[in-house]
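# Need coordinates for the following:
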Amino acid sequence: MATQANTPSLCYTHKLQFFLHINPIPSSISLVGNGRGQKKPLNLSCSSFGDDDYYIDADYQAGDGFSFSGGKYSGEPSPSDEWFKQGKIVKAYTSLGSGEKAKDPIFGLAMGADSQAAADVFRWFCVESGSADNPSVILIHGLPSQAYSYRKVLPILSKAYHAIAFDWLGFGFSDKPQPKYGFDYTLNEYVTSLESFINEVAVGKVSLVVQGYFAPAAVKYASIHQEKIDNIILLNPPLTAKHANLPSTMSVFSNFLLGEIFSQDPLRASDKTLTSCGPYKIKEDDAMVYRNPYLTSGAAGFALNAISRDMKKELKKYVEEMRTILTDENWKVPTTICWGKRDRWLTYDGVEDFCKDSKHKLIEIPMAGHHVQEDRGDELGQIIYDIIRKKRFGL
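Numbering: from 1, shown residues only. Alright, predicted model coming up:
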């Protein structure tokens with residue numbers, strides 16, 4: 001039986017700063033195709049202008065090749081800058097890069113520092129709240145999102161816990177290495193990198209809170225390290241066979257070339273993905289924080305392409321593996337599933353049956369969408385606080 005918790009459009013223009021030279025297409029060739037004639041390839045090439053290498057993701061002051069000109073709205077402090085000041089950089093998970101400089105996946109042009117693998121260990125951005133002497137709670141964002149999504153949850157948990165929200169590799173202010181140059185954004189890499197990060201920031205046992213499509217990675221990590229986990233709280237995870245396909249808003253980033261173009265548009269990569277999956281009305285200041293990675297570098301978009309392609313190919317396997325872990329008799333981690341019932345990406349059908357069969361507690365949050373922490377952060381913070389407190393004190 002589920003428990004129910006108490007409970008102007010954006011428009012601006014941008015300019016792509018890379019240049020395509022397209023060979024003229026003879027009038028005899030139809031772009032639609034009528035089954036006649038011989039197909040001819042459409043040749044694309046990209047040129048640099050000047051003697052220097054053309055960097056795909058240069059510093060925002062110079063503009064960058066695949067994102068918005070200038071990369072920022074102005075030189076004034078932004079909400080993203082203010083959020084960054086609250087956090088710190090943690091080094092975790094050894095880079096496996098070959099040392100070769102990363103190139104973009106379309107034209108083979110040299111890429112800037114944001115897309116290069118770290119020389120030794122990757123850098124993760126995280127925000128901590130509460131005393132480090134208290135039990136640790138690790139807050140794990142979903143796809144695509146940032147640690148910023150937990151900004152309303154952190155102060156509530158900090159009253160009794162050491163709460164830590166972090167950006168996954170490829171997101172927010174964490175490193176975003178170009179795929180195939182040190183990190184390929186697969187589930188197994190996220191599992192092992194999560195282990196490395198947690199070992200750096202938390203001593204002793206931890207509680208995990210994970211949202212959306214990154215739930216399989218956190219559950220797999222927890223299954224390997226059950227002795228280290230006090231609780232795991234899953235927020236709208238993909239649990240059923242109907243959840244095994246990426247929504248069209250995300251799968252578009254897996255398409256060749258079209259995916260690369262769309263992932264460099266902050267309105268598609270950030271605003272649309274956040275607002276299409278729930279009843280969100282995001283304030284402009286908050287939207288600017290989510291857009292920032294896509295405004296300042298092409299690296300965030302290329303990472304999103306890689307993650308989307310892996311998820312589109314492997315999500316069914318990841319969901320089945322997570323279901324197997326959560327229903328296994330050897331799974332001993334206290335598990336709660338919180339479900340925002342206004343999720344437009346993942347249907348509620350089958351969720352209640354799964355929780356009943358697996359004997360995991362289900363808490364419904366009627367007014368929340370897919371990104372529960374973004375939509376009902378204060379409410380969710382109190383729910384998490386109460387879940388951990390009851391387990392901690394045996395209430």
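
# Count the neighbours of residue 378 for me.
Residue 378 has 12 neighbouring residues, counting by other C-beta atoms under 10 Å. Where you see a C-beta, it was placed from the backbone N, CA and C, and this is true even at glycine.

# Isn't it up against residue 157?
No: contact criterion C-beta atoms under 8 Å: residue 378 and residue 157 do not qualify, at 11.6 Å.

# Quick check: neighbours shared by those two?
The overlap between the contact sets of residue 378 and residue 157 (C-beta atoms under 8 Å, 6 or more residues apart in numbering) is empty.

# Can you list the low-confidence ranges for the protein?
Within the chain, the stretches with pLDDT under 70 are 1-76, 97-119, 395.

# Now residue 196: which helix or strand?
Taking DSSP states H and E as the criterion, residue 196 maps to helix 187-201.

# contact partners of that helix?
Helix 187-201 is contacted from outside by 90-94, 122, 124, 126, 128, 136, 138, 140, 164, 166, 168-169, 183, 206, 214, 216-218, 220-221, 224-225, 228, 310, 314, 318, using C-beta under 8 Å, 6+ apart.

# and if we set it to 6 Å?
90, 92, 93, 124, 164, 217, 220, 221, 318 (C-beta atoms under 6 Å, 6 or more residues apart in numbering).

# can you pull the buried residues of stretch 386-393?
Within stretch 386-393, the residues scored as buried using 16 or more other C-beta atoms under 10 Å are 387, 388.

# chain center to it: distance?
Distance, stretch centre to chain centre, for stretch 386-393: 28 Å (C-alpha atoms, centre = their mean, to the nearest Å).

# and if you look at stretch 214-233?
Relative to its chain's centre, stretch 214-233 lies at 18 Å (C-alpha atoms, centre = their mean).

# so what does the biggest helix by length in the chain touch, helix or strand wise?
For the chain, the helix that runs over the most residues, judged by DSSP state H, is helix 299-327. Judged by 3 or more C-beta pairs under 6 Å, 6 or more residues apart in numbering; DSSP states H and E, the packing partners of helix 299-327 are helix 215-224, helix 258-263, helix 284-296.

# How about the contacts made by residue 222?
229, 232, 333.

# at 7 Å instead, please
Contacts for residue 222 (C-beta atoms under 7 Å, 6 or more residues apart in numbering) come out as 208, 229, 232, 333.

# Please enumerate the strands of this structure.
Here the chain has its strands, by DSSP state E, at 3-4, 88-94, 121-129, 136-140, 162-166, 206-211, 229-235, 335-340, 361-365.

# Need those in a markdown table (columns: mean neighbour count and distance to residue 177).
Compiled in a markdown table, the strands of the chain are given as follows (neighbours: other C-beta atoms under 10 Å; distance: least, C-beta to C-beta, whole Å):
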| stretch | mean neighbour count | distance to residue 177 |
| --- | --- | --- |
| strand 3-4 | 12 | 42 |
| strand 88-94 | 17 | 11 |
| strand 121-129 | 21 | 8 |
| strand 136-140 | 26 | 20 |
| strand 162-166 | 26 | 17 |
| strand 206-211 | 26 | 22 |
| strand 229-235 | 24 | 27 |
| strand 335-340 | 25 | 32 |
| strand 361-365 | 19 | 35 |
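
# Including distance to residue 198, could those strands go into a markdown table?
Formatted as a markdown table, the strands of the chain follow (distance: least, C-beta to C-beta, whole Å):
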| stretch | distance to residue 198 |
| --- | --- |
| strand 3-4 | 29 |
| strand 88-94 | 8 |
| strand 121-129 | 11 |
| strand 136-140 | 6 |
| strand 162-166 | 9 |
| strand 206-211 | 6 |
| strand 229-235 | 10 |
| strand 335-340 | 18 |
| strand 361-365 | 24 |
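
# of all those strands, which lies closest to residue 254?
Closest to residue 254 of the strands of the chain, according to C-beta to C-beta: strand 206-211, at 20.6 Å.

# Which elements pack onto that closest one?
strand 136-140, helix 215-224, strand 229-235 (3 or more C-beta pairs under 7 Å, 6 or more residues apart in numbering; DSSP states H and E).

# Mind listing what's buried along the second one?
Right, helix 215-224. 215, 216, 217, 218, 219, 220, 221, 222, 223.

# got the contact list for the fifth one?
To tie it back to what came earlier, the one meant is residue 219. Contact analysis of residue 219 by C-beta under 7 Å, 6+ apart lists 232, 322, 325, 326.

# burial measure for the residue lying closest to the last one once chain neighbours are set aside, as a count.
Excluding the flanking residues, the one nearest residue 326 by C-beta to C-beta, 6 or more residues apart in numbering is residue 358, at 5.5 Å. Neighbour count for residue 358, taken as other C-beta under 10 Å: 16.

# can you check residue 334 too?
Residues near residue 334, counting by other C-beta under 10 Å: 16.

# Verify the stated contact: the residue nearest to residue 326 with residue 325.
No: Residue 358 is beyond contact range of residue 325, at 10.1 Å (criterion: C-beta atoms under 7 Å).

# hmm, back to that, can you redo the contacts of residue 222 as JSON lines with distance to residue 243?
Converted to JSON lines, the contacts of residue 222 look like this (distance: C-beta to C-beta, whole Å):
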{"residue": "208", "distance to residue 243": "20"}
{"residue": "229", "distance to residue 243": "23"}
{"residue": "232", "distance to residue 243": "18"}
{"residue": "333", "distance to residue 243": "21"}
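
# Pick out whichever of the residues you listed sits closest to residue 274.
The nearest member of the contacts of residue 222 to residue 274, counting by C-beta to C-beta, is residue 208 at 22.5 Å.

# Contacts only, for that closest one.
138, 140, 218, 222, 229, 232.
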